[in-house]
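Can you look at this prediction? I've put the sequence above it.
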Amino acid sequence: MRSAGVSETTEAEPAIAEVEAIGFRRLTYADLPAVLSIERRSFPAPWSLAMFVLEVSKPSGVCLAAVAGDEIVGYLVCSRYADVYHLMNVAVDPDLRRRGVAARMIERMLDEGGRDERYTLEVRVSNHPAIAMYERLGFRRAGRRRRYYGDNGEDAMIMWLGDPGP
Ligand SMILES: CC(C)(COP(=O)(O)OP(=O)(O)OC[C@H]1O[C@@H](n2cnc3c(N)ncnc32)[C@H](O)[C@@H]1OP(=O)(O)O)[C@@H](O)C(=O)NCCC(=O)NCCS
């Protein structure tokens with residue numbers, strides 16, 4: 001997976017009711033303009049529309065939207081290759097972070113993909129918020145990919161939930 005280098009804090013405080021009203025459903029093509037808006041505020045090297053279209057079109061993956069009313073406030077893209085799920089992308093609207101949205105979305109992904117399946121991801125070694133979140137959800141560190149990120153040559157941390165295998 002790719003990842004942001006820096007996490008934003010926010011000053012916007014949505015009403016409690018707004019946070020509690022957040023729900024989760026499958027991501028659709030119609031959601032992608034809103035997804036791109038969050039993507040561009042979340043990553044130094046954002047995915048293109050074509051990359052999201054390709055992932056959403058794969059029937060074996062789990063692509064989720066977090067929604068508050070009609071508004072997309074987060075998304076997750078998880079693809080299946082062979083017998084392993086790869087968490088490729090997850091982001092939450094900068095104004096709604098640190099309220100459990102991503103953690104709940106990943107729990108939903110595990111429910112839909114299967115709790116006995118194996119999951120892996122790559123994350124920038126500097127992305128401490130994301131690494132903390134993944135560890136809290138049970139992912140474990142399993143080595144590095146050297147200079148994985150083309151924009152700055154940063155290493156990726158490889159993480160697994162379930163047996164990493166040989
Ligand atoms: C990483 C990201 C998806 C987390 O989304 P979120 O909805 O804010 O995360 P949650 O509120 O569900 O956090 C769950 C746990 O993760 C950890 N965590 C999340 N953000 C953190 C931060 N900024 N600092 C430290 N720990 C953090 C905490 O343990 C948190 O639990 P707590 O709030 O009870 O302490 C969000 O910061 C984001 O969109 N970042 C930019 C994109 C990105 O880096 N995506 C990951 C790519 S690998």
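Structure's in. What do you need? Residues are numbered from 1 along each chain as shown.

Which helix or strand in the chain has the lowest average pLDDT?
Least confident helix or strand of the chain, by mean pLDDT, DSSP states H and E, is helix 16-20 with a mean of 54.

Give the buried residues for the helix ranked longest in the chain.
Under DSSP state H, the helix in the chain containing the largest number of residues is helix 101-113. Of the residues in helix 101-113, Val101, Ala102, Arg104, Met105, Ile106, Arg108, Met109, Leu110, Gly113 count as buried by neighbour count, 16 or more other CB atoms under 10 Å. No exception for glycine: its C-beta is placed from N, CA and C like everyone else's.

contacts for that helix?
When contacts are defined by CB atoms under 8 Å, 6 or more residues apart in numbering, helix 101-113 is touched by residues 22, 24, 62, 64, 66, 73-76, 78, 80, 85, 87, 90-92, 119, 133, 136-137, 161.

Spatially nearest residue to Val67, not counting backbone neighbours?
Take Val67 and drop its neighbours on the chain: the residue closest to it by CB to CB, 6 or more residues apart in numbering is Gly23, 5.5 Å away.

Could you give the number of residues near the one you found?
Other residues near Gly23 come to 13 when the count uses other CB atoms under 10 Å.

Enumerate the residues of the protein near the ligand.
For the chain, the residues in contact with the ligand under the definition CB under 6 Å from any ligand atom are 1, 3-4, 7, 42, 90-92, 97-103, 123, 127, 129-130, 132-133, 136.

Select from the contacts of helix 101-113 every entry located in strands.
Taking DSSP state E, the ones among the contacts of helix 101-113 that sit in strands are 24, 62, 64, 66, 73-76, 78, 80, 85, 87, 90-92, 119, 161.

Tell me if I'm right that Met88 and Tyr75 touch.
No. The pair formed by Met88 and Tyr75 falls short of the contact definition of CB atoms under 8 Å, at 10.9 Å.

Mutual contacts of the two, please.
Between them, Met88 and Tyr75 share no contacting residue, judged by CB under 8 Å, 6+ apart.

More neighbours: which of these two?
Between Met88 and Tyr75, Tyr75 has the larger neighbour count (other CB under 10 Å), namely 29 against 18.

Contact partners for the more buried one?
Tyr75 is in contact with Leu27, Asp31, Val35, Ile38, Cys63, Leu64, Ala65, Ala66, Asn89, Val90, Ala91, Met105, counting by CB under 8 Å, 6+ apart.

List the residues that contact the closest residue to the first one other than its chain neighbours.
Using CB to CB, 6+ apart and skipping the chain neighbours, the partner closest in space to Leu27 is Cys63 (4.0 Å). By CB under 8 Å, 6+ apart, Cys63 lies in contact with Arg26, Leu27, Glu55, Val56, Tyr75, Leu76, Val77, Cys78.
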